[in-house]
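**Q** pasting the structure only:
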């Protein structure tokens, strides 16, 4: 890959309904201001959002695929961590 | 509204609508060719905003004229001499800097003009001004940001941006020239006084050019005639491409 590309940014949008900013994709931009404008053009043209966050992808610390076992498998056999042993009152519908 | 004023309004709506139509077509020419995918989207997006403005204005022009011509008829079935757009709008894209400088000149103009139009005594034109101003504020943010980046960027980007300013400067005077059409409408409170916008435009351009280490030419911006239908050689080619389908298959739709 050529190394003269603009840095990569991750884009998060808060939609009208949603409470959280949700990751929607990534794009390239020379700086933060341009990243915000590019994100506006690429991801909110169809009224998808009311707020945008952009962050340089390089600044994100991510878990590694090879750590998957240590990170996530121990949760598989701890059924008692799920609150499934309670009776749900009839008055409550979907939970 | 008397007949003479109505004729003036029709002519003015063509001048404004044609300018937006031609400028949006120029921006659409970048589609698939911009230096970055993100810029491709941004330029197309701005072009589509401006195309929307053109549609509103040409539709309104057709209604004011009262001869049953709709936006498509006005856009696709008039010749070069019948187009009344500003010469600046039809100038070729050149390089990225030239496109951005043209846009920066026009965005500052639009911001001042549409602010004035939003106070128009003609209700549809006032509504157009209010709606379009929001779009223009974003366009200006984009173009002025780029002029600054290019001006303060590399030696090459500064040279190209300065060359674009020098090339396009002579067309900027026409933005503020008024003839009897604009004078009559300004007197009736339908459009703002164009000559009053000129010093404010020049002040904003000079300020941002200074921040970007760019200089403005001293010579007069003498070129005009587009509003009267006298164009540079570039418009004919643009119209030939834009109108080819409707010229080959009149009234076709899909």
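**A** Happy to help now that I have it. Since we're looking at a predicted model, the values are computed, not measured.
**Q** and residue A:10, what helix or strand is that in?
**A** Assigned by DSSP states H and E, residue A:10 belongs to strand A:8-14.
**Q** buried set for that strand?
**A** By neighbour count on 16 or more other C-beta atoms under 10 Å in any protein chain shown, the buried set for strand A:8-14 is A:9-14. Backbone N, C-alpha and C define where each C-beta goes, glycine included.
**Q** and if you look at stretch B:81-94?
**A** Going by 16+ other C-beta under 10 Å, stretch B:81-94 has these buried residues: B:83-91, B:94.
**Q** likewise stretch A:19-28?
**A** A:24, A:27-28.
**Q** now the residues you listed as a markdown table including pLDDT, secondary structure and distance to chain B?
**A** Listed next are the buried residues of stretch A:19-28 as a markdown table, based on pLDDT from 0 to 100; DSSP: H, G, I helix; E, B strand; the rest coil; distance: C-beta to the nearest C-beta, whole Å:
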| residue | pLDDT | secondary structure | distance to chain B |
| --- | --- | --- | --- |
| A:24 | 94 | strand | 14 |
| A:27 | 94 | strand | 5 |
| A:28 | 93 | strand | 6 |
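**Q** who touches stretch B:200-211?
**A** For stretch B:200-211, contacts defined as C-beta atoms under 8 Å, 6 or more residues apart in numbering or on different chains pick out B:104-105, B:108-109, B:112, B:144, B:147-148, B:151, B:165, B:175-176, B:215-216.
**Q** Turn the residues you listed into a markdown table, including pLDDT and distance to chain A.
**A** A markdown table is the format used below for the contacts of stretch B:200-211 (pLDDT from 0 to 100; distance: C-beta to the nearest C-beta, whole Å):
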| residue | pLDDT | distance to chain A |
| --- | --- | --- |
| B:104 | 98 | 15 |
| B:105 | 98 | 20 |
| B:108 | 98 | 18 |
| B:109 | 98 | 21 |
| B:112 | 98 | 22 |
| B:144 | 97 | 11 |
| B:147 | 97 | 13 |
| B:148 | 96 | 10 |
| B:151 | 97 | 14 |
| B:165 | 98 | 22 |
| B:175 | 97 | 25 |
| B:176 | 97 | 29 |
| B:215 | 97 | 24 |
| B:216 | 97 | 25 |
